[in-house]
Structures are given as structure tokens and as C-alpha cells.
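Chemist: predicted structure and sequence below. I'll ask about it afterward.
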Amino acid sequence: MGPGAHPVPEPLSGGYPADVPSLYRNAECRQRVRDWCLERLGEWGVPHQRHEIPTTAGVTSVITMGPETAPAVPTVVLVPGTNTNASVYRHISEALAARWSTVVLDVPGQPGLSADARPRRGWSAWYGQWLTEALEQVAPGPAIVVGHSLGGAIVLASDSPRITGRVLLSSAGLVRLLVPPAVVAATVPWLARPTAPRAARVLRRMVAPGGQVPDELAEWMTVVARCCHSSLAPAPLPPELLAERRSVPCLVATGRHDVFLPPQRVAPAAQRHLGATLHVLQGSGHLLLDESPGEIVTLVAQALDAASRDTA
């Protein structure tokens, strides 16, 4: 176990060790993160329900919202990226739920309301199995699965038969993420002494030039730095696994100003591995869900159309 980590009570199966490290520095930090998330969810202005489901990666928090639909109609399932969760995805969640039955999952091993287990090794199999199990419980039928950053890699790692379309937004798993020196320079003082202004300086490196950083997101990232052990970006998934994902329609998008996954890096990989043409969101950086919610809704609508044609 790492410094400040504590054993996780949820049992793991599937060959994973029981001493999986916690992402939180201590139990008090875990409670602080939980309280912050529940308070934010309580401020949402649209109807939603939260419940928890069991998985081999531990308890998983699920937000459901939007219209009830027939089982044959795909559910939109949103998988957050590193250091995020449903509580900080209010605006995109509301935008999706205005049109479709929507589920937002908190990823185990990331700060939020799910289990604090984090795999020591074999992350792709661990998270792929987790998402497959979660979809069986939250989607009554087919699912369009939307993943941002780490969430995109998780979406690619799952071979769930319920997935009829994938939307990958500034997605890990295709190429290694760049880490520009300017981001490192802003990150070091934020981690050394976390404050909201320092968190905002880090986040400003991640949005398009002149873009606004939501105050709530800067506040959240301050809590994360104080309470959590951050995780590293995942390595690209094996080419043979990515080749298998061609069987399901896949939309890939990144921001024109994404410092981690710029279009010139993502476009060749998306075409090579998935046969997908990259969508470039001109006014966005890496934080697509905050910067371009309307364009994300349009991409999801395109994915639903592609899935309906594919199954016709």
C-alpha cells in the first residue's frame, strides 16, 4: 500500500489481488470527497436518481436521468475521465438527458462515489470487465457509450455486447498522451500547495485559448489534490484489441487545442486502429465536456443514427 492508503473493504474477484491500493490519502479524505459530490448532486436542477450497483471492481455509483424509453432504444452511458465523476458533469449530463435516457457512471479508482479500489496492473482488463458488468445492470438493452479521456480508454477496453456505438472524446487508449512542459510547470505548485487559483491555472492550460474554467471545477480539483493520489494516463491499448472494436460504429473527437491529444496525433491512430475519421472541435481544448456540450450532443446523435443503420 502507498503512503496514506488503506485497504478496501469491497472484495475483488476475477484474479485481482485483495490489496488493491486506495486512491484516497486516508478515510477522512474519502469522506470529504463523498460529501462534496453529494452536495453538488443535491444542487442539480433536473430530476435524477442515484443508486449503487455491485461489480468486481467494487460498488459503483450510477446516476440515471432523462426520459424512459423502450428496451430496444439505446441508453446513453457516460464514462468520466481521470479525476472526474458525475457530480462535475452536470451540464453535459443535463444536455444528454434532455433528449435521451442517460446514465452517468462514477469510475472505481477515481475520486467520486464509487469504490476507491485502483488496479496495480492490468488496468485495461480490470476496467473493461467493470464496464461490461455495469452495462448489464444499468442498460436494459443496447447502449451508446460515451467516454472522455481515461473514460474513452475504458470504453474501448470493454467488449460488452450491449455496446452498439462508441463516442470517444479526447480519448486515451489510442496514443500516448503528450505532457507539455507548461502543464507540468503549472501542476507542480498545485500539487505542492493546492488552492483554487492554482487549480484554475492548471485547468487553463487544458482549455482553448481564452476559454473559461468553471469555478466549480477549480474547486473540485483543489479537493482532489488535497485528498487523492492521482493516477497516470494509461498506455495505448494493444492494436489487436483495437482492431476488434471495428465491429461497432465508433466516433472519435478531440479539441483543436487539446494539449494532451492534439488532432495531428489522434487522427492517424483513429484511422489506423478503428477506421474512424477524426472529428475536430474547433473551439475546444481537452475539456470537451465543459467546453463544447452542444457539439457533444450532436456527436451522440450521429452515433445513435449510425447504430440504427448498423442494426437495421
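Modeler: Thanks, I have it.

Chemist: how about the strands in this structure?
Modeler: In the chain, the segments counted as strands under DSSP state E are 49-53, 60-65, 75-79, 102-105, 143-148, 163-169, 250-255, 278-281.

Chemist: now the end-to-end length of stretch 79-96.
Modeler: By C-alpha to C-alpha, to the nearest Å, the extent of stretch 79-96 from end to end equals 13 Å.

Chemist: right, I mislabeled it, should have said stretch 187-207
Modeler: Using C-alpha to C-alpha, one end of stretch 187-207 lies 15 Å from the other.

Chemist: do the same with stretch 87-104
Modeler: Length of stretch 87-104, first residue to last, C-alpha to C-alpha: 9 Å.

Chemist: picking that back up, dump the strands of the chain to CSV, plus distance to L304, mean neighbour count and mean pLDDT.
Modeler: For every residue, glycine as well, the C-beta is placed using N, CA and C. Formatted as CSV, the strands of the chain follow (distance: least, C-beta to C-beta, whole Å; neighbours: other C-beta atoms under 10 Å; pLDDT from 0 to 100):
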stretch, distance to L304, mean neighbour count, mean pLDDT
strand 49-53, 23, 13, 98
strand 60-65, 17, 22, 98
strand 75-79, 8, 25, 99
strand 102-105, 12, 26, 99
strand 143-148, 6, 28, 98
strand 163-169, 7, 27, 98
strand 250-255, 10, 26, 98
strand 278-281, 15, 20, 98
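
Chemist: out of those strands, flag the one nearest R120.
Modeler: strand 60-65 (19.5 Å; C-beta to C-beta).

Chemist: and the residue nearest the centre of the chain, how far is that from P234?
Modeler: In the chain, the C-alpha nearest the mean C-alpha coordinate belongs to P80, at 1.9 Å (C-alpha atoms, centre = their mean). Relative to P234, P80 is positioned 14 Å away (C-beta to C-beta, to the nearest Å).

Chemist: please apply the same query to V59.
Modeler: Taken as C-beta to C-beta, the span from V59 to P234 is 22 Å.

Chemist: looking at those two, which is more packed in?
Modeler: Taking other C-beta atoms under 10 Å, V59 and P234 do not tie; P234 has more neighbours (20 against 17).

Chemist: give the contact list for the more buried one.
Modeler: P234 is in contact with 123-124, 150, 153, 172-173, counting by C-beta atoms under 8 Å, 6 or more residues apart in numbering.

Chemist: and which of the residues you listed is nearest T64?
Modeler: Comparing those against T64 with C-beta to C-beta places L150 closest, at 22.0 Å.

Chemist: count of neighbours near the residue nearest to R246 when sequence neighbours are not counted?
Modeler: Nearest residue to R246, sequence neighbours excluded (C-beta to C-beta, 6 or more residues apart in numbering): G275, at 5.5 Å. Other residues lying near G275 total 11 when counted by other C-beta under 10 Å.

Chemist: on that earlier part again, burial measure for the spatially closest residue to the residue nearest to the centre of the chain that is not a sequence neighbour, as a count.
Modeler: Distances taken as C-beta to C-beta, 6+ apart place G151 nearest to P80, at 5.2 Å, with adjacent residues excluded. Around G151 there are 29 other residues, counting by other C-beta under 10 Å.

Chemist: who's in contact with G151?
Modeler: 78-81, 107, 169, 171.

Chemist: hmm, try it at 7 Å
Modeler: G151 makes contacts with 79-81, 107, as judged by C-beta atoms under 7 Å, 6 or more residues apart in numbering.

Chemist: from T75, how far off is A303?
Modeler: Taking C-beta to C-beta, one finds A303 at 12 Å from T75.
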